[in-house]
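Engineer: model the following, please.
(2 chains)
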Number of protein chains: 2
Amino acid sequence: MKTTMRRLLQLTLLLLTMLCVAGVAAAEPLPSWNDRPARDRILSFVHAVTEQGGKDFVPPAERIAVFDNDGTLWCEQPMYVQLAFALERVKALAPHHPEWKTTQPFKAVLEGDMKALAATGEKGVVELVEATHTGMTTTEFTRIVTDWLSTARQPRFKRPYTELVYQPMLELLAYLRENGFKTFIVSGGGIDFMRPWTERAYGVPPEQVVGSTGNLKFELKAGAPVLEKVPGIALVDDGPGKPVGIQQHIGRHPIAAFGNSDGDLQMLEYTSAGPGARLGLLVHHTDAEREYAYDRKSSFGRLDRALDEAPAKGWTVVDMKNDWKTIFPAP
Amino acid sequence: MKTTMRRLLQLTLLLLTMLCVAGVAAAEPLPSWNDRPARDRILSFVHAVTEQGGKDFVPPAERIAVFDNDGTLWCEQPMYVQLAFALERVKALAPHHPEWKTTQPFKAVLEGDMKALAATGEKGVVELVEATHTGMTTTEFTRIVTDWLSTARQPRFKRPYTELVYQPMLELLAYLRENGFKTFIVSGGGIDFMRPWTERAYGVPPEQVVGSTGNLKFELKAGAPVLEKVPGIALVDDGPGKPVGIQQHIGRHPIAAFGNSDGDLQMLEYTSAGPGARLGLLVHHTDAEREYAYDRKSSFGRLDRALDEAPAKGWTVVDMKNDWKTIFPAP
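Structural biologist: Numbering: from 1, shown residues only, chains lettered A, B, ... in the order given. Sure, this is the predicted structure:
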């Protein structure tokens, strides 16, 4: 029996090897990336950390890659998707809150006055988040987000938001996973807002999503144990909060980080620190025709300091217009 | 080429199937568990959720199992290991803190007066944790914990703490993983205290460890980005905090939960709620000879309310003395 099993195992391994060789020869990685320095940099980094016996080899368990979401994996214009969600929730809930007609920041939202909304500042944002993201169980919130995403359309492209993900980044996620990486999202967006759809959109399961986190309260509701979303923030997963979120959730030092804004600066700094090969990459939105062109002056996804620091830090800047053959998956 | 690949694939799958059948026939699961109801319950649960087409089938991605650590996976007597660590750290650091000789809770620790220490209450615990678990980077803390564990010995068994893990639970972790489960630790213990060794001890990687979490601060130290452990608690992952930790870290509803004390009550309640097959299990320490016997009156790992609720909730109570053939792995 033992000999039979050993022979079976040997034969299986041989066949698997042949299949792998055939597979690699057949599929060229990152097909939506033009043959330019950004693509080369990704390929050479992955080669360096996966080459058995190479000086930069990293064991699979330590191949941690972290991705920002807004503007890095999906479109964040003309405003963050979660902000569009919050604004529409205010409108949907307004009939139950007659006082909102005369109270900021709700008055501004209901009147579509974005300038007045911006003037309410951080206090306004907190009130908006509490009004739309608390007061329900996590299960109820998941259903609200899922229902909204199934009908909401991005105003310019008239497509569901979850279809406006970047095809080249989907290929990059898959390519890293094929090479033994574990891919995480580390986003300033709300963790409960992302988890309902990241697995289908990106192949990233809920337990690999890190994001800004609201307080939760365990309680019995009609005898059933539930988690109620309550006011208060446990983690602002943005800027210096991103390395904190990485440590608290992952507990390992990433070796590759992908972002697009100054909110990703500390995540890229943290990832780049270390003795071995590291990859830091910024998506620069340079394509007004196929998507949007913005950087230093944008209200959403401002890219300023990180763009200045990229050359000295050795970060790769993706020129969306020239590096990417396509932006979104075909409808 | 395509035909060749298809044939190779078919042959590989056939051989893999044969290997699986041979493998299953060869290894009997949970060898350190006596053939009693607790073992039967585990086996029938795993069968139910993995049987293709069965009414309780759960897809692998949703097979989430959560394990308490202290008293469930490793020995928590005569005191929590992390408390032993904190007490020894106070002694090690005392030369730099002459004021500790006259200040509680440090005076009590230095004099070995556990009664006086207990009298300092929650305030004392917080001060003890801050003095021993903050003021260093996460990397430095990992080194401190690793160094300590390499020399510390449990007072009764004279073995390293990481060897005093329960052999039957190691087999259970492995058995669940072989059946497509993702195994997580959800412990009241400190997340940074556990992660340095859980992968080697249990096969649970850092990113699958949830625990009580202290605040972190991102900063540049001599130009290098680090995470400094600072005062303040982000999550007390005990009691009602366990379902919160599960949602914040995992974002999925577990289908199996393993604990040993009232601190696991809400985790078991939360896990047991839901329409499909669920497994809740409590390790009852009944073996004074081979380990310890304690429950309702213990200072560490008190098991009282959860023991009362177990029958009505359908939770399996493991009688350590009679259910387990061995307690610890052979030295």
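Engineer: give me the neighbour count for residue A:318.
Structural biologist: When neighbours are counted by other CB atoms under 10 Å in any protein chain shown, residue A:318 registers 28. C-betas here are computed from N, CA, C, even on glycine.
Engineer: repeat that for the one 4 residues further on.
Structural biologist: Summarising burial for residue A:322: neighbours were counted as other CB under 10 Å, giving 12.
Engineer: grab the most central residue of chain A for me.
Structural biologist: Central residue of chain A (CA atoms, centre = their mean): residue A:69, 2.3 Å from the mean position.
Engineer: I figured it hits residue A:187, correct?
Structural biologist: Yes. Taking CB atoms under 8 Å as the definition, residue A:69 is a contact partner of residue A:187 at 3.7 Å.
Engineer: tell me, what's touching these two both at once?
Structural biologist: A:194, A:211 (CB atoms under 8 Å, 6 or more residues apart in numbering or on different chains).
Engineer: how about the strands in the stretch 51-200 of chain A?
Structural biologist: Here the stretch 51-200 of chain A has its strands, by DSSP state E, counting those that start in this stretch, at A:64-67, A:182-190.
Engineer: each with direction, which strands does the shortest one pair with?
Structural biologist: For strand A:64-67, the paired strands and their directions (DSSP bridges) are strand A:182-190 (parallel), strand A:256-259 (parallel).
Engineer: follow-up on the earlier one: make CSV from the strands of the stretch 51-200 of chain A and add distance to residue B:127 and mean neighbour count to it.
Structural biologist: Formatted as CSV, those follow (distance: least, CB to CB, whole Å; neighbours: other CB atoms under 10 Å in any protein chain shown):
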stretch, distance to residue B:127, mean neighbour count
strand A:64-67, 35, 25
strand A:182-190, 33, 24
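Engineer: can those go into TSV with extra columns for distance to residue B:38?
Structural biologist: Converted to TSV, those look like this (distance: least, CB to CB, whole Å):
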stretch	distance to residue B:38
strand A:64-67	37
strand A:182-190	34
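Engineer: which residues does residue A:294 form a beta bridge with?
Structural biologist: residue A:285.
Engineer: pretty sure it contacts residue A:283?
Structural biologist: No. In this structure residue A:294 lies outside contact range of residue A:283 using CB under 8 Å: 11.4 Å.
Engineer: so what's the closest residue to chain B within the stretch 51-200 of chain A up against?
Structural biologist: The nearest approach of the stretch 51-200 of chain A to chain B comes at residue A:195, 4.6 Å away (CB to the nearest CB). Shown in contact with residue A:195 (CB under 8 Å, 6+ apart): A:142, A:206, A:209, B:251.
Engineer: nearest to residue B:307 among those residues?
Structural biologist: For the contacts of residue A:195, the closest approach to residue B:307 (CB to CB) belongs to residue B:251, at 30.1 Å.
Engineer: who's the closest spatial neighbour of that closest one, skipping the chain neighbours?
Structural biologist: residue A:206 (3.3 Å; CB to CB, 6 or more residues apart in numbering or on different chains).
Engineer: what's near enough to touch that neighbour?
Structural biologist: A:195, A:198, A:199, B:250, B:251, B:252.
Engineer: if any of those are buried, put those into a PyMOL selection.
Structural biologist: Written as a PyMOL command, the selection of buried residues from the contacts of residue A:206, which uses 16 or more other CB atoms under 10 Å in any protein chain shown, is:
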select buried, (chain A and resi 195+198) or (chain B and resi 250+251+252)
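Engineer: other SSEs contacting the helix or strand residue A:281 falls within?
Structural biologist: In this assignment (DSSP states H and E), residue A:281 forms part of strand A:279-286. Contacts defined by 3 or more CB pairs under 8 Å, 6 or more residues apart in numbering or on different chains; DSSP states H and E place strand A:279-286 against helix A:37-50, strand A:256-259, helix A:265-272, strand A:293-294, helix A:305-313, strand A:316-319, helix A:320-323.
Engineer: what's the mean pLDDT across the fifth one?
Structural biologist: I take that to be helix A:305-313. For helix A:305-313, mean pLDDT rounds to 97.
Engineer: the last one now?
Structural biologist: Averaged across helix A:320-323, the pLDDT comes to 98.
Engineer: what packs against it?
Structural biologist: Taking 3+ CB pairs under 8 Å, 6+ apart as the contact cut, helix A:320-323 packs with strand A:279-286.
Engineer: and the longest one, by the same measure?
Structural biologist: The elements that helix A:37-50 packs onto, with contact taken as 3+ CB pairs under 8 Å, 6+ apart, are helix A:167-178, strand A:279-286, strand A:316-319.
Engineer: 10 Å instead?
Structural biologist: helix A:167-178, strand A:256-259, strand A:279-286, strand A:316-319, helix A:320-323 (3 or more CB pairs under 10 Å, 6 or more residues apart in numbering or on different chains; DSSP states H and E).
Engineer: can you check the fourth one too?
Structural biologist: With contacts defined as 3+ CB pairs under 10 Å, 6+ apart, strand A:293-294 has these neighbours: strand A:279-286.
Engineer: just the CA atoms of the strand it packs on, as CSV, please.
Structural biologist: Taking Å, rounded to 0.1, in the frame of the first residue of the first chain, the C-alpha atoms of strand A:279-286 are listed here in CSV:
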residue,chain,number,x,y,z
LEU,A,279,7.2,47.2,-4.0
GLY,A,280,5.4,50.5,-3.5
LEU,A,281,3.1,51.7,-6.3
LEU,A,282,0.9,54.7,-6.8
VAL,A,283,-1.9,54.9,-9.4
HIS,A,284,-1.7,58.4,-11.0
HIS,A,285,-5.1,59.3,-12.5
THR,A,286,-4.0,60.9,-15.8
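Engineer: now do that strand against helix A:167-178, angle only.
Structural biologist: 170 degrees (axes from the mean of the first three to the mean of the last three CA atoms, to 10 degrees).
Engineer: would residue A:220 count as being in a strand?
Structural biologist: Yes. Counting by DSSP: H, G, I helix; E, B strand; the rest coil, residue A:220 is found in a strand.
Engineer: how many other residues sit next to it?
Structural biologist: Close neighbours of residue A:220, defined as other CB under 10 Å, add up to 11.
Engineer: need the contact list for it.
Structural biologist: By CB atoms under 10 Å, 6 or more residues apart in numbering or on different chains, the residues touching residue A:220 are A:226, B:266, B:269, B:273.
Engineer: for it, give its distance to residue B:271.
Structural biologist: Going from residue A:220 to residue B:271 by CB to CB, to the nearest Å gives 14 Å.
Engineer: repeat that for residue A:159.
Structural biologist: Taking CB to CB, one finds residue A:159 at 38 Å from residue B:271.
Engineer: okay, the two: which has more neighbours?
Structural biologist: Shown here are residue A:159 and residue B:271; by other CB under 10 Å, residue B:271 has more neighbours (28 against 14).
Engineer: ok, the more buried one touching residue B:279?
Structural biologist: Yes. Counting by CB atoms under 10 Å, residue B:279 is a contact partner of residue B:271 at 8.0 Å.
Engineer: who touches both of these two?
Structural biologist: Both residue B:271 and residue B:279 are contacted by B:65, B:254, B:255, B:256, B:257, B:258, B:315, under the criterion CB under 10 Å, 6+ apart.
Engineer: including distance to residue B:53, could the residues you listed go into JSON lines?
Structural biologist: Shown next, in JSON lines, are those (distance: CB to CB, whole Å):
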{"residue": "B:65", "distance to residue B:53": "22"}
{"residue": "B:254", "distance to residue B:53": "23"}
{"residue": "B:255", "distance to residue B:53": "18"}
{"residue": "B:256", "distance to residue B:53": "21"}
{"residue": "B:257", "distance to residue B:53": "26"}
{"residue": "B:258", "distance to residue B:53": "27"}
{"residue": "B:315", "distance to residue B:53": "28"}
